[in-house]
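Novice: the sequence and its predicted three-dimensional model are supplied below.
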Amino acid sequence: MTAEQFKERFVKLYPKLFAVAMANIGNREEAKDAMQSLYMKLWEKRGELSVVDNDVGYCRTMLVNICRDRWRSMALEPEYVSTDKEIPDEGLSELEHDDLKEKIECFVATLPDRQRRIMTMRMHGATTDEIIEATGLSVENIRTILSRTRQVVKDYYNKINK
C-alpha cells in the first residue's frame with residue numbers, strides 16, 4: 001500500500017477515531033498519543049490491510065485495545081464504553097449496528113463521571129477489585145452504580161430503537 005492509498009483509506013477516519021479515543025481516555029494529550037500509536041501500527045501493517053473489509057471497525061478495535069492498554073498500564077480510568085454486549089442482534093445490518101453503537105457511545109460519554117468510569121472499566125473487563133482500587137468505592141457502591149448505569153443505558157437504547 002502506498003502512502004497515498006494509506007491517506008485515502010485511513011487518514012480520513014482520524015476525526016471519528018479521535019472522538020473514540022477522547023471518549024475512551026478523556027484526556028486530549030493522551031488521546032493524541034493513542035491516535036499516534038494507532039497510525040504507527042496501521043502503517044506497520046499496511047501490507048496486510050488489503051484484506052480488511054471494514055476500515056472503521058478494524059481501526060476502532062485496534063484503538064480501543066491501545067486505549068485499554070494505556071489506562072491499565074498508566075492507571076488511567078477510561079471514559080469509553082464498548083457497547084458490543086449491550087446491543088442485542090435484532091437482525092440489524094452491520095451498518096445499522098455500527099450507527100446504533102455510535103449513538104450509545106455518545107450517550108454514555110454524557111453520563112456523570114463516576115457512572116461512565118465504572119461502567120467503562122467493567123466493560124473493558126476490569127474486576128470488581130480493580131474498580132475498587134481505582135475508585136476507592138465499596139463493593140456495594142460499585143454494584144449499585146453499575147446496576148443504575150445499565151438501566152439508564154437500556155432505557156436510552158429502548159428510546160432510540162423505537
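Specialist: Everything's here; your move. Owing to the predicted nature of the structure, the values given are computational and were not obtained by experimental measurement.
Novice: burial check on residue 68, number of neighbours?
Specialist: Neighbourhood size, residue 68 [other C-beta atoms under 10 Å]: 20. (Glycine included, C-beta is placed from N, CA and C.)
Novice: over to residue 45?
Specialist: Neighbours around residue 45, by other C-beta under 10 Å: 13.
Novice: same check on residue 3?
Specialist: Neighbours of residue 3 under the rule other C-beta under 10 Å: 10.
Novice: residue 111 versus that one, what's the distance?
Specialist: To residue 111, residue 3 is 40 Å away according to C-beta to C-beta, to the nearest Å.
Novice: and residue 53, by the same measure?
Specialist: For residue 53, the distance to residue 111 (C-beta to C-beta) stands at 32 Å.
Novice: just residue 62 next, same as before
Specialist: 25 Å.
Novice: what do you get for residue 23?
Specialist: According to C-beta to C-beta, residue 23 stands 11 Å off from residue 111.
Novice: run through the helices of the chain in chain order.
Specialist: For the chain, applying DSSP state H gives helices covering 3-9, 14-25, 28-44, 55-73, 94-108, 113-123, 128-135, 139-160.
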